[in-house]
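J.: sequence unknown, structure follows:
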């Protein structure tokens, strides 16, 4: 069983930046695919970005491409999401997710974190 714990959420003004982190535990090696989803108030949870363990291939939703950067540290079993040029529309609870199948990760990951709130003020 994999446990995921997020950190780094908070309140930021539009145009600002935040960095989210997630650490995986419960297995010797972190899941092959790790990533992020978000859920805005009144909306369904949506995929944001993901990255594989090796060779570290990243994938982004169109809505965040060019603004968000995902990275991971395999030695520390962590994945990070650097969010730049934040907009009020980015306000959501952000969830760390993981799955050994990178395709399944993007739609129905096996493991979820509890979420961290990101609020972008205008």
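T.: Received it, and whenever you're ready, just let me know what you need. Just so it is clear, the model here is predicted, and its values are computed rather than measured.
J.: For the worst-scoring helix or strand of the chain on mean pLDDT, list every residue counted as buried.
T.: When the helices and strands of the chain are scored by mean pLDDT, DSSP states H and E, helix 102-105 comes last with a mean of 94. The neighbour-count check on helix 102-105 (16 or more other CB atoms under 10 Å) flags 102, 105 as buried. Every C-beta, even on glycine, is put in place using the N, C-alpha and C of the backbone.
J.: contacting residues around it?
T.: Contact with helix 102-105 is made by 32, 33, 34, 35, 50, 52, 57, 59, 97, 98, 99, 110, as judged by CB atoms under 8 Å, 6 or more residues apart in numbering.
J.: out of those, who has the most neighbours?
T.: Neighbour count (other CB atoms under 10 Å) singles out residue 34 as the most crowded of those, with 30 neighbours.
J.: pretty sure that one contacts residue 98?
T.: Yes - using CB atoms under 8 Å, residue 34 is in contact with residue 98, at 4.7 Å.
J.: where's the residue nearest to the spatial centre of the chain, which helix or strand?
T.: For the chain, residue 36 is the residue whose C-alpha lies nearest the centre (CA atoms, centre = their mean; 2.3 Å). Assigned by DSSP states H and E, residue 36 belongs to strand 33-39.
J.: now do residue 15
T.: Here residue 15 is assigned to no helix or strand, by DSSP H and E.
J.: Now for it, how many residues are close by?
T.: Counted by other CB under 10 Å, the residues lying close to residue 15 total 11.
J.: and it, what pLDDT?
T.: Residue 15 is assigned a predicted lDDT (pLDDT) of 98.
J.: on that earlier part again, list the beta-bridge partners for the residue nearest to the centre of the chain.
T.: residue 49, residue 96 (DSSP bridges).
J.: Is it in contact with residue 49, as I believe?
T.: Yes - between residue 36 and residue 49 there is a contact at 5.4 Å, judged by CB under 8 Å.
J.: Now the common contact residues for these two.
T.: 70, 81.
J.: ok, now how distant is residue 115 from residue 106?
T.: 18 Å (CB to CB, to the nearest Å).
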